[in-house]
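**Q** no FASTA, just this:
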């Protein structure tokens, strides 16, 4: 005999679980925990690889998108889709969060006060991204015109501004 998931669903228990998770994340200092990016770190607000993009907004529809728990998660999902963010974006954020946590842990263990990439390491990484992105160049050229292939005209920066072809398992 199989049990229908609806028979065992307890909305009060789910609300309590989300409330407990929220309470663990909330800090007493609220927005005061955030620092304004200024001074020697002000340059981190700018992206040196973005020349800007002007085009009409894109629209899309999705039947189901799950971003996170509670009403806040629903709002986040709706706003991300309105902004044109693909549904796999949360996975990418999770992978990046793990990598950032790894870097911060090592910085703390070494007593570092700042973390900064060298120009050589950045140039090497950009070259790797471009090299691996070329694996999808033919697909971008043949694909239906849209956001990801510059409306059917993949340009010089398509590889640099596109997907990292190695996936999260190959990022080192």
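**A** Structure's in. What do you need? Bear in mind the structure is a predicted one, so any value in this text is a computation, not a measurement.

**Q** quick one: residue 35 from residue 41, how far?
**A** Look at residue 35 and residue 41: by Cβ to Cβ, to the nearest Å, they are 9 Å apart. Where you see a C-beta, it was placed from the backbone N, CA and C, and this is true even at glycine.

**Q** ok, the two, which is more surrounded?
**A** A direct count of neighbours by other Cβ atoms under 10 Å for residue 35 and residue 41 places residue 41 higher, at 12 against 7.

**Q** three-state assignment of the more buried one?
**A** Three-state call for residue 41 (DSSP: H, G, I helix; E, B strand; the rest coil): helix.

**Q** can you give me the pLDDT of it?
**A** You'll see residue 41 listed with a pLDDT of 79.

**Q** for residue 18, see how far away the most centrally placed residue in the chain is.
**A** For the chain, the residue nearest the mean C-alpha position is residue 93 (3.8 Å; Cα atoms, centre = their mean). In this view, residue 93 and residue 18 are 19 Å apart by Cβ to Cβ.

**Q** and what of residue 49?
**A** Distance of residue 49 to residue 18, computed by Cβ to Cβ: 38 Å.

**Q** these two - which one has more neighbours?
**A** Using other Cβ under 10 Å as the criterion, residue 49 and residue 18 rank with residue 18 on top: 16 against 9.

**Q** can you list the weak-confidence ranges in the protein?
**A** Along the chain, the parts satisfying pLDDT under 70 run over 1-7, 53, 58, 60-74, 77, 87, 148, 155-165, 167-172.

**Q** if we go to 50?
**A** Across the chain, the ranges flagged by pLDDT under 50 are 1, 171-172.

**Q** report the buried residues of the helix ranked longest in it.
**A** Of all the segments of type helix in the chain, defined by DSSP state H, the longest one is helix 89-110. Counting neighbours by 16 or more other Cβ atoms under 10 Å, one finds that the buried residues in helix 89-110 are residue 90.

**Q** please compute how far that helix lies from its chain's middle.
**A** 12 Å (Cα atoms, centre = their mean, to the nearest Å).

**Q** other SSEs contacting the very next helix or strand once past it?
**A** Next along the chain after helix 89-110, taking DSSP states H and E as the criterion, comes helix 119-133. Of the remaining helices and strands, none touches helix 119-133 by 3 or more Cβ pairs under 8 Å, 6 or more residues apart in numbering; DSSP states H and E.
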